[in-house]
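Colleague: return a 3D structure for these sequence lines:
(one chain, ligands or ions: 2)
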Amino acid sequence: MNLSNGVAPVLSARGVSFAYGPEPVLEDVGVELSSGEFVALVGPNGSGKSTLVRVLVGLLTPRSGTVRLFGEPPDRLRRRWRVGYVPQRLRIAPDLPVTVGEVVATGRLPRQGWWRRTRPADRAAVDHALESAGLADLRRRPLAELSGGQQQRVLIAKALASEPELLILDEPVAGVDAAAQRQFRDSLVHLVEEHGAAVLLISHELGAVADDLDRVIVLKRRVVFDGPPAELAATGVSLGIHADDLPLWLEELA
Ligand SMILES: Nc1ncnc2c1ncn2[C@@H]1O[C@H](COP(=O)(O)OP(=O)(O)O)[C@@H](O)[C@H]1O
Ligand SMILES: [Mg+2]
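Modeller: Ligands and ions are numbered 1, 2, ... in the order given. This is a model prediction of the structure:
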């Protein structure tokens with residue numbers, strides 16, 4: 001579903017190249033996302049997915065090319081809550097003396113502003129986010145007591161609670177069971193369909209979302225495919241995309 005009506009795309013990258021050293025990691029990458037689009041970014045390990053999203057959110061500066069978030073360069077984006085980003089590797093300070101519920105509630109702060117009291121809508125968003133990430137039972141637990149995977153789910157819940165207009169998730173919910181995957185899928189679809197958010201999801205495991213995707217982008221240093229899942233199934237092989245390049249859940253789709 002594409003809800004854009006001639007407004008600036010939520011995200012656009014053109015001609016993006018990047019390297020950490022002499023080896024190019026991204027070459028001439030172009031990506032665009034509009035409101036209400038649910039897009040998967042896939043590709044083999046080391047193909048540049050995490051690097052690309054770090055460039056997209058402004059954590060890395062491309063060697064060439066341009067990135068725009070809501071029509072602005074990433075470092076000029078004023079209302080940061082519009083973009084939710086959950087990195088592949090965890091960056092919560094493990095000894096922070098806070099509970100799961102408290103961390104997730106901070107997802108509302110950029111929207112609330114420090115001067116405003118918590119409203120029922122804030123509480124509802126936090127409750128819903130905890131539920132979606134399968135953390136309802138853990139909300140009063142100290143963050144430090146959680147496993148790495150659970151802590152990543154806390155970051156996902158925090159991002160969901162902020163109800164961003166663009167949500168980028170880098171390999172979330174690795175290793176969670178099918179029921180938790182469905183719950184997570186429902187919360188992403190809710191964000192896309194009810195709030196018109198754009199979602200960019202990197203995942204090897206989320207068969208649960210295969211039917212919900214508008215587009216799949218296959219990255220191998222360059223974008224080798226960008227289109228609907230059915231088209232990938234029909235033309236992928238002729239484009240030189242091998243099953244090994246795709247997560248299992250897309251292979252099954254083909
Ligand atoms: N911080 C870094 N410094 C140097 N090289 C890196 C760094 N992060 C990733 N790379 C390299 O860049 C390439 C792309 O990595 P990455 O973006 O993590 O791929 P993916 O997320 O698709 O697995 C790999 O060859 C990886 O080794
Ligand atoms: Mg990665």
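Colleague: then whichever strand or helix holds residue 12 to PDB, C-alphas only?
Modeller: Counting by DSSP states H and E, the element that carries residue 12 is strand 11-19. Output of strand 11-19 as PDB, limited to C-alpha atoms (Å, rounded to 0.1, in the frame of the first residue of the first chain):
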ATOM      1  CA  LEU A  11      13.200   7.800   2.900                       C
ATOM      2  CA  SER A  12      15.200   8.300  -0.200                       C
ATOM      3  CA  ALA A  13      18.800   7.300  -1.000                       C
ATOM      4  CA  ARG A  14      20.400   7.900  -4.300                       C
ATOM      5  CA  GLY A  15      23.800   6.800  -5.700                       C
ATOM      6  CA  VAL A  16      25.000   5.900  -2.200                       C
ATOM      7  CA  SER A  17      28.500   4.400  -2.000                       C
ATOM      8  CA  PHE A  18      30.300   3.500   1.200                       C
ATOM      9  CA  ALA A  19      33.500   1.800   2.300                       C
END
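Colleague: paired strands for that strand, with orientation please.
Modeller: If you go by DSSP bridges, strand 11-19 pairs up with strand 24-33 (antiparallel), strand 64-69 (antiparallel).
Colleague: check those for me and report the most buried one.
Modeller: Mean neighbours per residue, mean count of other Cβ atoms under 10 Å, is largest over those for strand 24-33, with a mean of 20. Yep, even glycine has a C-beta here, placed from its N, CA and C like the rest.
Colleague: chain center to that strand, what's the gap?
Modeller: 17 Å (Cα atoms, centre = their mean, to the nearest Å).
Colleague: that one near ligand 1 anywhere?
Modeller: Yes: contact of strand 24-33 with ligand 1 (Cβ under 6 Å from any ligand atom) involves residue 25.
Colleague: mean confidence score for that strand?
Modeller: Throughout strand 24-33, pLDDT has a mean value of 98.
Colleague: can you check stretch 53-65 too?
Modeller: Here the average pLDDT along stretch 53-65 is 96.
Colleague: in it, what counts as buried?
Modeller: 53-58, 60, 62, 65 (16 or more other Cβ atoms under 10 Å).
Colleague: from start to finish, how long is that stretch in a straight line?
Modeller: Start-to-end span of stretch 53-65 (Cα to Cα, to the nearest Å) is 14 Å.
Colleague: low-confidence ranges, the chain, go.
Modeller: Where the chain drops to pLDDT under 70, the residues are 1-7, 90-94, 112-115, 173-175, 206, 236-240, 244, 248-254.
Colleague: quick one on the thing from earlier: in helices, which of the buried residues of stretch 53-65 appear?
Modeller: Counting by DSSP state H, these place 53-56 in helices.
Colleague: so what's the nearest residue to residue 150 once chain neighbours are set aside up against?
Modeller: Sequence neighbours aside, residue 138 is the residue nearest to residue 150 in space, at 6.8 Å (criterion: Cβ to Cβ, 6 or more residues apart in numbering). Residue 138 makes contact with 100, 146, 150, according to Cβ atoms under 8 Å, 6 or more residues apart in numbering.
Colleague: secondary structure, neighbour count and distance to residue 8 for the residues you listed - can I get that in JSON lines?
Modeller: As requested, the contacts of residue 138 are arranged in JSON lines below (DSSP: H, G, I helix; E, B strand; the rest coil; neighbours: other Cβ atoms under 10 Å; distance: Cβ to Cβ, whole Å):
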{"residue": "100", "secondary structure": "helix", "neighbour count": "26", "distance to residue 8": "36"}
{"residue": "146", "secondary structure": "coil", "neighbour count": "18", "distance to residue 8": "38"}
{"residue": "150", "secondary structure": "helix", "neighbour count": "17", "distance to residue 8": "37"}
